[in-house]
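**Student:** Got a predicted structure plus its sequence, pasted below:
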Amino acid sequence: MPGTGFTTGKISTIGSCGKNEISGNRKKRERKNQNRTSEAGIRSGQPNVPGRLVVCVPGIASSRPVRNFCVASENAAIFIRLMFIGHFAVALAAKRVAPQTSLGTLFAAAQLPDVIWPLLVLSGVEKVEIHPGDTAFTPLNFISYPWSHSLLMVTLTGTVAGLLYAAKAKYPTGGFVVTLLAVSHWLLDWISHRPDLPLYPGASPLLGLGLWNSIPSTMLIEGSMFLVGIGLYASFTQSKDRIGRYAFWSLMIFLAAIYSADRFSPPPSSAEAIGWVGVVGTGILLAWAEWVDRHRGISLTA
Ligand SMILES: [Zn+2]
């Protein structure tokens, strides 16, 4: 696995020659990790986790503020790993097609499968594992997620969400865009994931083009999409007040910053942590986008 220094569990199925290779790799990996062990880790007698802040090493994080900081930073690191910014780019651009639909709703629609997914992970219906090196871009190994992420279910949930929104907002165009955004989520995931996306629940073939196998290509494509999305939304809307300006740009900078910080964050500690952080983090982002949109109107020059 390029550049990770980790061995994935999948390799463990190969023959005895492979096993020797694995134990060789493991020894190399252990040596590497030992080298990375911080001074603090040595002092505390606790092994350090690569990428973990020195103050967060068990035994060092003794005071309450430091512990709180460590919990917050580890949760932020998990959220960073869940951030796939291409979905937000499409939602920003969609404002031009459905001007009456708020940015919060557009974000929720483009993220619909990822809004449902952490809830299903927490309830044990869908499974994710942490596998550093699963793809170069993310350590998440999506073992099973047919209800939130199969093409059939994404189309169904997207259609239901679109119909509900159209009925509530009395805005069919908005409803249609909500459905299209949900389906766009599957298409973007199909481009980025390795072949792990089902077409339908059950014995479905698994699809994925594997853009995430290349960090530079992923960041280039998703980063360009995000910039175009920001340009389209910012030129189509204008701030009604200072909140409209500052809340919007701080949200964009926040998204870009945590996306870029991905390279420096440690992998999440557990699937349960991913679920909780996914639920809370997504809730905060959607509320932030909704707040932004209330303080922006359609540009007079648009
Ligand atoms: Zn997804």
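**Tutor:** Noted; the coordinates are in hand.
**Student:** what pLDDT does the residue of the stretch 201-302 of the chain at minimum distance from the ion get?
**Tutor:** Nearest to the ion in the stretch 201-302 of the chain, going by Cβ to the ion, is Gly278, at a distance of 10.3 Å. Yep, even glycine has a C-beta here, placed from its N, CA and C like the rest. Gly278 is assigned 75 on the pLDDT scale.
**Student:** just checking, it touches Pro118?
**Tutor:** Yes. Contact criterion Cβ atoms under 8 Å: Gly278 and Pro118 qualify, at 3.1 Å.
**Student:** all strands for this structure, in order.
**Tutor:** 127-130, 140-144, 197-198, 206-207, 237-239, 296-298 (DSSP state E).
**Student:** Count residues in the vicinity of Ser144, would you?
**Tutor:** 15 (other Cβ atoms under 10 Å).
**Student:** looking at it, it is touching Gly124, isn't it?
**Tutor:** No. Contact criterion Cβ under 8 Å: Ser144 and Gly124 do not qualify, at 10.7 Å.
**Student:** interface residues of the chain facing the ion?
**Tutor:** Proximity of the chain to the ion, by Cβ under 5 Å from the ion, involves residues 113-114, 189.
**Student:** Same list, those residues, but as a markdown table with distance to Gly104 and pLDDT please.
**Tutor:** Shown next, in a markdown table, are the residues of the chain next to the ion (distance: Cβ to Cβ, whole Å; pLDDT from 0 to 100):
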| residue | distance to Gly104 | pLDDT |
| --- | --- | --- |
| Pro113 | 17 | 94 |
| Asp114 | 15 | 90 |
| Asp189 | 21 | 94 |
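**Student:** So which of these belong to helices?
**Tutor:** Using DSSP state H, the members of the residues of the chain next to the ion that fall in helices are 113-114, 189.
**Student:** winner for burial among the strands of the chain?
**Tutor:** Mean neighbours per residue, mean count of other Cβ atoms under 10 Å, is largest over those for strand 197-198, with a mean of 23.
**Student:** What is it packed up against?
**Tutor:** helix 146-149, helix 172-192, strand 206-207 (3 or more Cβ pairs under 8 Å, 6 or more residues apart in numbering; DSSP states H and E).
**Student:** which other residues reach that strand?
**Tutor:** Contacts of strand 197-198 with the rest of the structure, by Cβ atoms under 8 Å, 6 or more residues apart in numbering, involve 145-146, 149-151, 186, 189-190, 204-208.
**Student:** Helices of this structure, residue ranges please.
**Tutor:** 16-36, 39-44, 64-82, 86-94, 103-110, 112-122, 146-149, 151-169, 172-192, 215-236, 242-260, 271-294.
**Student:** For Ala136, which of the ones you listed is the nearest?
**Tutor:** Closest of the helices of the chain to Ala136 is helix 215-236, at 5.1 Å (criterion: Cβ to Cβ).
**Student:** Can you say which of the helices and strands packed on strand 197-198 is nearest to Ser224?
**Tutor:** Of the helices and strands packed on strand 197-198, nearest to Ser224 by Cβ to Cβ is helix 172-192, at 13.3 Å.
**Student:** That closest one to helix 112-122, inter-axis angle?
**Tutor:** Between helix 172-192 and helix 112-122, the angle comes out at 60 degrees (axes from the mean of the first three to the mean of the last three Cα atoms, to 10 degrees).
**Student:** follow-up on the earlier one: now the contacts of strand 197-198: which count as buried?
**Tutor:** 145-146, 149-151, 186, 189-190, 207-208 (16 or more other Cβ atoms under 10 Å).
**Student:** Turn these into TSV, columns for distance to Asp293.
**Tutor:** Listed next are the buried ones among the contacts of strand 197-198 as TSV, based on distance: Cβ to Cβ, whole Å:
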residue	distance to Asp293
Tyr145	29
Pro146	33
His149	27
Ser150	30
Leu151	29
Trp186	25
Asp189	25
Trp190	28
Leu207	34
Gly208	32
